[in-house]
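1. Starting from these lines, generate the structure:
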Amino acid sequence: KKQTIVPNFKHEELSLLSGTFGPFRPGLPLEVPLWLAVSLKKQQKCQIVVPAWMDHEVLQAKLEEEKVNESLTQIDFYYFEMASLLLTHAKEDFKHKKLIRRLLEDLYNMRSAKINKSLKNLSEESSGVELTNIASIELQNLR
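-> Predicted coordinates:
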């Protein structure tokens, strides 16, 4: 996954296995892999730009959408893992981190309840259950 950062250092392009990134110029946003963004943040070499989907208003709208739909709504497969990483390592880059955490937790709980309900409705006569739009964390919890 890519993440936008605003570096506070100057460096030419970095050629890595996952691609070439840069050049890094102070104050000029650029996209890098999430792991590199977290690494640079830990070294205090950048600010992480909060992804649009992690805005509290967008999360609130997603939660409302999840409430009105019987099935799981579309969401990034790694939404929970990415949010966890960003809220842990870039918490000072978030304006409403407590609200965002709560909304993410509510979203996760609502989606988990839907999955559990679908699994409880599974009987010997049914051929299976459709779990379209399931996310990684939800899939892991089924195992």
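
2. worst-scoring helix or strand of the protein, pLDDT-wise?
-> Within the chain, no helix or strand scores below helix 136-142, which has a mean of 91 by mean pLDDT, DSSP states H and E.

3. and that one, what does it pack onto?
-> Under the contact criterion of 3 or more CB pairs under 8 Å, 6 or more residues apart in numbering; DSSP states H and E, helix 136-142 touches helix 79-89, helix 97-120. Bear in mind the C-beta positions are built from the backbone N, C-alpha and C, glycine included.

4. which of those sits most buried?
-> helix 79-89 (a mean of 18; mean count of other CB atoms under 10 Å).

5. got the angle between it and helix 97-120?
-> Helix 79-89 and helix 97-120 meet at an angle of 160 degrees, taking axes from the mean of the first three to the mean of the last three CA atoms, to 10 degrees as the criterion.

6. contacting residues around helix 79-89?
-> Under the contact criterion CB atoms under 8 Å, 6 or more residues apart in numbering, helix 79-89 has outside partners 1, 3, 34, 38, 41-42, 48, 50-51, 53-54, 76, 93-94, 97, 100-101, 104, 108, 135-137.

7. Report the central residue of this structure.
-> residue 79 (2.9 Å; CA atoms, centre = their mean).

8. any idea how far that residue is from residue 67?
-> Applying CB to CB, to the nearest Å, the value for residue 79 to residue 67 is 17 Å.

9. is it true that residue 48 touches residue 2?
-> No - if you go by CB atoms under 8 Å, residue 48 and residue 2 don't touch, sitting 11.8 Å apart.

10. Looking at these two, which one has more neighbours?
-> When neighbours are counted by other CB atoms under 10 Å, residue 48 and residue 2 differ, and residue 48 comes out ahead with 23 against 15.

11. The more buried one and residue 76, how far apart?
-> In terms of CB to CB, residue 48 sits 16 Å off from residue 76.

12. What of residue 95?
-> Using CB to CB, residue 95 is found at 21 Å from residue 76.

13. Among the two, which residue is more densely surrounded?
-> residue 76 (14 against 10).

14. helix/strand/coil for that one?
-> Assigned with DSSP: H, G, I helix; E, B strand; the rest coil, residue 76 falls in the coil class.

15. contacts for the biggest strand by length in the chain?
-> Ranked by residue count and defined by DSSP state E, the top strand of the chain is strand 2-7. Here strand 2-7 makes contact (CB under 8 Å, 6+ apart) with 24-34, 36-37, 40-41, 45-49, 51, 86.

16. No further questions, thank you.
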